[in-house]
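> How does the following fold in three dimensions:
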Amino acid sequence: MEIINWKGIAESLLFAAGDEGLSLKQIAHVLEVEELQAREIMDSLIEDYSNSSRGIMVVELAGTFQLVTKKEFSAYLKKLVESPSSASLSQAALETLAIIAYRQPITRTEIEEIRGVKTERPLQTLSAKALIKEVGRAEGTGRAYLYGTTKEFLDYFGLKSIEELPPLPDKISEEEDSFQEEADLFFEKFQELDS
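Numbers count the residues shown, from 1 in each chain. I've put the predicted structure just below:
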């Protein structure tokens, strides 16, 4: 009889899902088990993490399971975020930030459609630097997180409000199929602000 490492599989699913997490129904669907069995797997995984010295744990928030860092290590995470070596943003992070600034509130999927590449890592970096935050949930399947900029974003760029961002040309709405061009335009305008 084959032994299936359900908890290991569930753990990898949560890692891949990132900050959006997974519902019990989604986990049950992927594992091809009943929700009752998926609940037992998740409860066991939560218990494993709570009884270990690891820096992360599994939590259930608003009906979704997520991997998160433990509160007792928050002081170290804060030092990491505030360290000088992490002061500059990568081009991917700047592109993502520009799209969020101009299109907020916006989901990760919508950002990825504009950029044409995965955006999970830049979103984590920007959240860690408090430049963006979750501002709600989108309607529809999965209720994805919506991202918006923060007060720290305004402070960083010396803006009083988001309305002070340089205006984008009208041509964006006329060329909706040109996602890459749109991303370039967002980034170009954002660089004007940062210079």
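> Quickly note the distance from the one residue sitting closest to the centre of the chain to Gln66.
Centroid-nearest residue in the chain: Leu123, 4.6 Å away (criterion: CA atoms, centre = their mean). Leu123 sits at a distance of 14 Å from Gln66 (criterion: CB to CB, to the nearest Å). Every residue, glycine included, has its C-beta placed from N, CA and C.
> what sits in contact with each of the two?
Each of Asp19 lies in contact with both Leu123 and Gln66 under the rule CB atoms under 8 Å, 6 or more residues apart in numbering.
> quick one, helices of the protein?
Assigned by DSSP state H, the chain shows helices spanning 6-17, 24-31, 35-50, 74-82, 91-103, 108-115, 120-128, 151-157, 171-174, 179-194.
> Between helix 35-50 and the second one, find me the angle.
Spelled out, that is helix 24-31. 100 degrees (axes from the mean of the first three to the mean of the last three CA atoms, to 10 degrees).
> mean confidence score for helix 24-31?
Across helix 24-31, pLDDT averages out at 94.
> How far does that helix sit from its chain's centre?
Centre-to-centre, helix 24-31 and its host chain are 21 Å apart (CA atoms, centre = their mean, to the nearest Å).
> looking at the helices of the chain, which one has the lowest mean pLDDT?
Across the helices of the chain, the lowest-scoring stretch is helix 171-174, with a mean of 53.
> Which positions within stretch 152-166 qualify as buried?
Buried residues in stretch 152-166, counting neighbours by 16 or more other CB atoms under 10 Å, are found at Phe153, Leu154, Tyr156, Phe157, Leu165.
> Spit out the contact partners of the first one.
Think Phe153. Phe153 is in contact with Leu97, Ala101, Leu131, Ile132, Leu159, counting by CB under 8 Å, 6+ apart.
> Then the third one?
Under the criterion of CB under 8 Å, 6+ apart, the neighbours of Tyr156 are Leu131.
> The second one now?
Neighbour list for Leu154: Lys160, Ser161, Ile162 [criterion: CB under 8 Å, 6+ apart].
> Restricted to strands, list the residues you listed.
Counting by DSSP state E, no part of the contacts of Leu154 is found in strands.
> Dump these into JSON lines; add pLDDT as well.
Formatted as JSON lines, these follow (pLDDT from 0 to 100):
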{"residue": "Lys160", "pLDDT": "83"}
{"residue": "Ser161", "pLDDT": "86"}
{"residue": "Ile162", "pLDDT": "85"}
